[in-house]
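# Model the structure of this input:
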Amino acid sequence: MPNSALDFDLFKDFPEPVFVMAPDGKILAANRFFSARFESLHQHIIGHNIFDLLVEINAPQEVIDNRKAKTLEVLRIGKHVAVDDQMDDNIWRSSIYPAFDAKGNISKLLVFVQNITEKRLVEIENEDFRAKMVFALECAHVSVWSFDIENNVLTRTLEHDRIFGYDSLVPDWKIERFFGHIHPDDLQMVMGTYENAMANQSDFNIEFRIRRTDEELRWINLVGTFRFAKAGKSRHIVGIILDITEKKLAQIELEQLQTQLQQSQKMELLGQLAGGIAHDFNNSLTSIIGNIELALAKIDPSQSVATLLRSAHESALRSAHLTSQLLGFARKQIRCPEALSLNREVERIIPMMRSLISSQIECVWLPGENVPEVFIDPTQLDQVLTNLCVNAFDAIEEYGTITISTGVIRIDKEDCEKGHPCPTPGDYAVLSVSDTGSGIDSAMMPHIFEPFFTTKPIGKGAGIGLSTVYGIVKQNNGSIDCKSEPGKGTTFSIFFPKHRDEALELMLEAAAQNRNPTNNTVLLVEDESNILNILKRALEEKGYQVLEAMDAESALIIAQTHREKIDILVSDVILPRMNGIELCKQLQALLPEMKSIFMSGFPFEKTKYGEQSSKPVNFIRKPFSISDFMNLVGNELKNVNQQHYAS
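Take a look at the predicted model:
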């Protein structure tokens with residue numbers, strides 16, 4: 001700064017304190033704002049030493065020492081120096097400028113004094129707010145970044161590098177390092193988004209996976225914008241990276257649960273449809289089988305027509321087996337469950353399984369320890385294991401292994417909430433069938449339990465095996481899970497609830513002997529005329545007196561006029577207006593000694609009608625053979641006849 005006597009006139013009216021001092025601190029000139037600070041001590045301050053004046057106003061010693069040190073620094077380096085001091089609850093900034101004489105030596109020092117208290121408080125508040133923002137962003141796993149495109153320089157917060165697995169900021173981070181962390185399956189998508197943004201200077205917002213330095217897979221949300229770029233300067237993208245792993249995993253889990261729910265609802269609807277079809281089909285089969293058996297009873301077995309009838313009878317029985325599978329899928333199959341040792345039952349079935357499997361395929365049996373008993377119909381367990389083993393066999397082209405294993409597992413509430421196949425906590429026996437076959441494609445997986453869905457060639461399968469397994473498992477309060485990978489095989493795991501001793505048997509065993517009663521009267525109620533006529537004929541041929549009705553109301557009228565004659569009621573469960581159970585209750589009020597037998601294509605214990613009965617009943621499932629039907633009727637009337645003879 002040049003040395004001139006007129007120089008200071010420029011600062012006399014400056015709105016902040018300004019003064020000129022000699023190198024030793026002697027005040028040479030001062031404006032009125034600076035002089036006002038010392039007017040209580042001296043009328044004139046020119047000639048006084050600034051450091052002595054600071055002592056007189058009780059300035060802290062560290063302030064005085066700091067001013068002296070900064071003054072000496074200016075004299076040493078010949079450049080401007082600023083010093084901030086706190087006095088009287090204010091923050092003062094003294095900016096010291098050297099003034100040189102004609103020889104280039106420092107002859108004076110020009111000092112500007114500013115009260116920067118408010119400015120400093122704002123800066124402190126901003127720094128505090130910035131620290132809080134950084135803390136909040138780190139807690140939320142959000143990083144802020146700015147990318148200099150031309151110079152390939154990335155400025156970012158520490159959280160950016162932490163998201164990628166680094167403990168501290170990596171020196172000289174380049175765009176190549178960023179791309180190197182992206183999951184290979186997502187790299188092409190991210191590269192395409194980046195190139196499009198560069199070409200069009202467009203903003204972007206994408207989600208993808210990265211692999212951290214510790215190999216952990218994480219999901220991130222990358223957001224970038226050009227809106228803060230300044231004209232004429234190097235192009236910049238500014239944005240954030242947000243770690244969304246927990247959110248993404250929760251979203252994926254929710255989508256899986258929704259898919260499972262939709263699949264469950266679809267299977268329930270299909271089950272209702274299959275059950276309805278099977279029920280109607282059973283009525284038709286009952287009529288077909290009954291008519292064939294009656295015809296066979298009236299002709300010479302050696303006649304050619306008898307051979308045709310027997311063939312038709314066999315076809316009808318095979319159709320009955322198919323409806324049984326449909327009812328199994330619909331969870332409406334008639335069951336005779338009992339407490340079973342899963343290991344013993346599987347050991348009993350395995351020899352048959354091995355006979356079904358090619359000698360080129362090894363069948364391995366791995367029984368678990370302490371496997372609890374399960375409550376299931378043995379025939380249904382046979383169906384489940386047979387269907388799964390046949391499927392496994394079909395999945396193996398030449399050589400391979402089928403592994404059947406059992407075990408026990410405890411399912412907690414947390415497991416259920418995380419989407420375990422078992423919806424209820426508890427102890428379960430596990431039956432698993434694994435193969436080393438071709439596996440199941442992920443696109444096919446949601447459909448494998450649907451009836452008539454199959455990936456097998458035409459003629460190799462009807463697509464009802466797994467749907468039958470699904471229905472049986474659900475009917476027995478179990479769950480089923482499938483894990484598969486194309487080319488690596490498939491594992492089906494079935495979870496049956498541990499059997500508890502208080503479980504009750506659902507069906508009574510029917511007697512196997514046919515007896516020839518005399519003078520017994522049967523009230524036969526059936527709304528299907530074909531079935532009504534066949535059963536009436538069969539009963540009459542055995543000597544029974546038959547009173548027939550096609551609905552409950554007609555049966556009640558008949559009972560009023562034949563009260564003393566009716567020994568047994570044989571009724572369909574599902575009738576128009578009044579069901580068979582309610583009919584039986586009203587009839588027993590008139591005829592307390594009357595016996596009863598019920599018929600239906602649906603399982604008795606699973607219908608609302610079954611729930612109306614407080615005691616075991618005699619029940620026969622459609623379709624049935626005439627001999628089975630007559631055996632059941634004869635067994636029930638045996639006691640009635642004995643009572644008659646005794647009287």
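# When you work out contacts or count neighbours from here on, use the C-alpha atoms and nothing else.
Noted.
# for stretch 156-176, how far is the first residue from the last?
This stretch, stretch 156-176, spans 16 Å end to end (CA to CA, to the nearest Å).
# cool, and stretch 598-618?
So stretch 598-618: terminal residues 6 Å apart, CA to CA.
# so how far is stretch 62-70 off the chain centroid?
The chain centre lies 69 Å from the centre of stretch 62-70; the measure is CA atoms, centre = their mean, to the nearest Å.
# What are the contacting residues of that stretch?
51, 54-55, 81-83, 85-86 (CA atoms under 8 Å, 6 or more residues apart in numbering).
# and those residues as CSV, adding neighbour count, secondary structure and pLDDT?
Converted to CSV, these look like this (neighbours: other CA atoms under 10 Å; DSSP: H, G, I helix; E, B strand; the rest coil; pLDDT from 0 to 100):
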residue, neighbour count, secondary structure, pLDDT
Phe51, 18, helix, 91
Leu54, 16, helix, 88
Val55, 13, helix, 88
Val81, 16, strand, 93
Ala82, 16, strand, 91
Val83, 16, strand, 91
Asp85, 18, strand, 87
Gln86, 15, strand, 84
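# any idea which of these is the one closest to Ala102?
Set against Ala102, the nearest of those by CA to CA is Val81 (22.1 Å).
# how near is that closest one to Asn66?
From Val81 over to Asn66 (counting by CA to CA), the distance is 12 Å.
# Then Val390?
Taken as CA to CA, the span from Val390 to Asn66 is 93 Å.
# One more: Glu369?
Computed as CA to CA, the Glu369 to Asn66 distance reads 84 Å.
# Among these two, which residue is more densely surrounded?
Asn66 (14 against 10; other CA atoms under 10 Å).
# Show me the strands in the stretch 501-647 of the chain, by range?
Assigned by DSSP state E, counting those that start in this stretch, the stretch 501-647 of the chain shows strands spanning 521-525, 545-549, 568-572, 595-600, 619-621.
# Indicate each strand paired with the fourth one and its parallel or antiparallel sense.
Looking back up the chat, that one is strand 595-600. Applying DSSP bridges, strand 595-600 is found paired with strand 568-572 (parallel), strand 619-621 (parallel).
# Deepest-packed of the ones you listed, please.
Among those, strand 568-572 has the highest mean neighbour count (mean count of other CA atoms under 10 Å), at a mean of 24.
# could you dump it to PDB, C-alpha only?
The C-alpha trace of strand 568-572 is given here as PDB (Å, rounded to 0.1, in the frame of the first residue of the first chain):
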ATOM      1  CA  ILE A 568     -83.900 -97.800   8.800                       C
ATOM      2  CA  LEU A 569     -83.400 -94.500   6.900                       C
ATOM      3  CA  VAL A 570     -81.000 -94.400   4.000                       C
ATOM      4  CA  SER A 571     -80.600 -90.800   2.800                       C
ATOM      5  CA  ASP A 572     -78.400 -88.600   0.700                       C
END
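# can you give me the angle that strand makes with strand 521-525?
Taking axes from the mean of the first three to the mean of the last three CA atoms, to 10 degrees, strand 568-572 and strand 521-525 form an angle of 10 degrees between their directions.
# Tell me what angle strand 568-572 forms with strand 545-549.
If you take the same axes, to 10 degrees, strand 568-572 sits at 40 degrees to strand 545-549.
# chain center to strand 568-572: distance?
With CA atoms, centre = their mean, you get 49 Å for strand 568-572.
# same question, stretch 38-52
For stretch 38-52, the separation from the chain centroid amounts to 82 Å (computed by CA atoms, centre = their mean).
# Then stretch 486-502?
19 Å.
# Any regions of the stretch 201-350 of the chain where pLDDT drops low?
Applying pLDDT under 70 to the stretch 201-350 of the chain picks out residues 228-234, 260, 263-279, 318, 321-336.
# do you know how far Val408 is from Tyr428?
Using CA to CA, we find Val408 at a distance of 6 Å from Tyr428.
# So which of those two has more stuff around it?
Tyr428 (24 against 19).
# Can you name the element that comes right after the helix or strand encompassing the more buried one?
Per DSSP states H and E: Tyr428 is located in strand 426-435. Elements were assigned by DSSP H and E; along the chain past strand 426-435, the next helix or strand is helix 465-475.
# and Ser405, what is it in contact with?
The neighbours of Ser405, taking CA under 8 Å, 6+ apart as the test, are 365-368, 431-433.
# Of the residues you listed, keep whichever come out buried.
365, 367-368, 431-433 (16 or more other CA atoms under 10 Å).
# Make a markdown table out of the residues you listed and add pLDDT and distance to Leu121.
Formatted as a markdown table, the buried ones among the contacts of Ser405 follow (pLDDT from 0 to 100; distance: CA to CA, whole Å):
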| residue | pLDDT | distance to Leu121 |
| --- | --- | --- |
| Trp365 | 92 | 79 |
| Pro367 | 92 | 76 |
| Gly368 | 91 | 73 |
| Leu431 | 95 | 72 |
| Ser432 | 93 | 71 |
| Val433 | 93 | 73 |
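# Nearest to Leu569 among the residues you listed?
Proximity of the buried ones among the contacts of Ser405 to Leu569 (CA to CA) peaks at Leu431, which lies at 43.2 Å.
# Tell me what that closest one is bridged to.
With DSSP bridges as the rule, Leu431 is bridged to Thr406, Ile494.
# hang on, it packs against Ile409?
No. Taking contacts as CA atoms under 8 Å, Leu431 lies outside contact range of Ile409: 10.8 Å.
# Apart from its chain neighbours, what residue comes closest to Met550?
Asp527 (4.4 Å; CA to CA, 6 or more residues apart in numbering).
# Count the neighbours of that neighbour for me.
What Asp527 shows, counting by other CA under 10 Å, is a neighbour count of 16.
# Show the pLDDT at it.
We have a pLDDT of 89 for Asp527.
# just to revisit the earlier point, export the strands of the stretch 501-647 of the chain to a markdown table and tack on distance to Trp219?
Output for these, formatted as a markdown table (distance: least, CA to CA, whole Å):
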| stretch | distance to Trp219 |
| --- | --- |
| strand 521-525 | 67 |
| strand 545-549 | 70 |
| strand 568-572 | 61 |
| strand 595-600 | 56 |
| strand 619-621 | 56 |
